[in-house]
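> sequence first, then the predicted structure, then my questions.
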Amino acid sequence: MNEIKRVHLGRQQFTISIEAYRALRRYLEAIETQPGVQPEVVKEVEMRMAELLSERSIDSEKVILLEDVDFLKKQLGEPGDFKDEDAEAVQNT
């Protein structure tokens with residue numbers, strides 16, 4: 001039996017298992033901490049996640065599981081892929 005939680009991703013409501021929620025939260029936090037990542041970027045990532053979940057026929061009635069989060073991460077890339085190279089260069093000088 002899995003515990004679940006309600007979340008909003010890209011202005012859409014989803015139901016997610018607690019295990020998947022933790023993995024998704026860690027992924028989004030890792031993106032947020034990349035050099036030069038603005039809040040708008042994180043919002044865009046969340047919007048894309050919602051689109052990808054909808055394409056997989058996951059709506060508010062179905063539960064997002066850990067394998068769904070793994071799919072999202074595979075589609076979107078590593079958190080480091082979101083860093084702003086210019087901001088990183090300024091930060092390192």
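Happy to help now that I have it. Numbering: from 1, shown residues only.
> for residue 49, grab the count of nearby residues.
24 (other CB atoms under 10 Å). From N, CA and C alone the C-beta is placed, and that goes for glycine too.
> pLDDT score for it?
Confidence at residue 49, expressed as pLDDT, is 97.
> and what of residue 23?
For residue 23, the model assigns a pLDDT of 98.
> that one: neighbour count?
Residue 23 sits with 20 neighbouring residues when counted by other CB under 10 Å.
> in which helix or strand does it reside?
Element membership for residue 23 (DSSP states H and E) is helix 18-32.
> and if you look at residue 47?
Assigned by DSSP H and E, residue 47 belongs to helix 39-55.
> who touches that helix?
Residues outside helix 39-55 that contact it (CB atoms under 8 Å, 6 or more residues apart in numbering): 9-12, 14, 24, 28, 31-32, 64, 68, 71-72, 75-76, 82.
> quick one: which of the residues you listed is nearest residue 2?
Of all the contacts of helix 39-55, residue 2 sits closest to residue 64, with 10.6 Å by CB to CB.
> re the thing from before, of the contacts of helix 39-55, just the buried ones, ChimeraX syntax please.
Here is the ChimeraX selection string for the buried members of the contacts of helix 39-55, based on 16 or more other CB atoms under 10 Å:
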select :9,10,12,14,24,28,31,64,68,71,72,76,82
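> and the helix holding residue 23, what does it pack onto?
strand 4-9, helix 39-55, helix 66-76 (3 or more CB pairs under 8 Å, 6 or more residues apart in numbering; DSSP states H and E).
> if we can go back for a sec, mind giving me the packing neighbours of whichever helix or strand comes after the helix holding residue 47?
Sequence-wise, the next helix or strand downstream of helix 39-55 (DSSP H and E) is strand 63-64. Packing partners of strand 63-64 (3+ CB pairs under 8 Å, 6+ apart): strand 12-17.
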